[in-house]
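Asker: dropping the sequence and predicted coords here.
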Amino acid sequence: MVPLALFSGLVSSDDKRAIAEKLLLLKPSISQQELPLGRFGTEFGKPKFPVVDLNTTLADLIGPDSWFFFSVLQLDSEFLSLPVELWVTSDSDNQAAENVGAVTVINDCAERGVKMTADFIESAKGKQQYQSTLQVVEADRKKHPNLRKRKR
């Protein structure tokens, strides 16, 4: 998610330049941009997080998987090779900023909890049975995580 910083007004031009330079150093071939690499589990598991300290910069958090962001949002990365000051005049930056601005951000964990509550509240006769039902459903979903994934 670090590439989102490229489109923030709160990030300095120097930091944006450092992020862009690191991205360009790590740019994969077209075929390698399709799926993230450093993940636990199958396919889109949790990413492997780096060690972060007070000296860590945004550019330090850029890795090969950062290009997946551009692939998923179908962003043209041409503007990265321009000086940051010229990005606002670049069609690729303007289109990328528009696409990024259209991304809806949700708290996925909270959304799943609300959905699970709504799905099973009717089946419970009391508070204890309701809590037990939610625990059983959660345990089953952890045991069989890939059943909810979209088929390719």
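Answerer: Nice, thanks for sending it over. As the structure is a prediction and not an experimental result, all values here were calculated from the model.
Asker: now tell me which helix or strand of the chain has the poorest mean pLDDT.
Answerer: helix 108-120 (a mean of 73; mean pLDDT, DSSP states H and E).
Asker: next one: the residue at the greatest distance from the centre of the chain from V114, what distance?
Answerer: With distances taken as CA atoms, centre = their mean, the residue sitting farthest from the centre of the chain turns out to be K125, at 38.7 Å. Relative to V114, K125 is positioned 21 Å away (CB to CB, to the nearest Å). Backbone N, C-alpha and C define where each C-beta goes, glycine included.
Asker: just to revisit the earlier point, give me the residues contacting whichever helix or strand comes after the least confident helix or strand of the chain.
Answerer: The helix or strand immediately downstream of helix 108-120 is helix 127-143, counting by DSSP states H and E. Outside helix 127-143, the residues that touch it by CB atoms under 8 Å, 6 or more residues apart in numbering are 116-117, 120-121, 123-124, 148.
Asker: what's around L80, how many residues?
Answerer: For L80, the neighbour count with other CB atoms under 10 Å is 25.
Asker: may I ask which helix or strand encompasses L75?
Answerer: Assigned by DSSP H and E, L75 belongs to no helix or strand.
Asker: wait, it sits on N99?
Answerer: Yes. If you go by CB atoms under 8 Å, L75 and N99 touch, sitting 6.0 Å apart.
Asker: the two: which is more packed in?
Answerer: L75 (23 against 15).
Asker: got a list of what the more buried one touches?
Answerer: Residues counted as contacts of L75 (CB under 8 Å, 6+ apart) are 69, 92, 95-96, 99-100.
Asker: redo the residues you listed as a markdown table? Include pLDDT and distance to I19.
Answerer: Putting the contacts of L75 into a markdown table (pLDDT from 0 to 100; distance: CB to CB, whole Å) gives the following:
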| residue | pLDDT | distance to I19 |
| --- | --- | --- |
| F69 | 85 | 11 |
| S92 | 91 | 16 |
| Q95 | 92 | 19 |
| A96 | 91 | 13 |
| N99 | 88 | 17 |
| V100 | 89 | 14 |
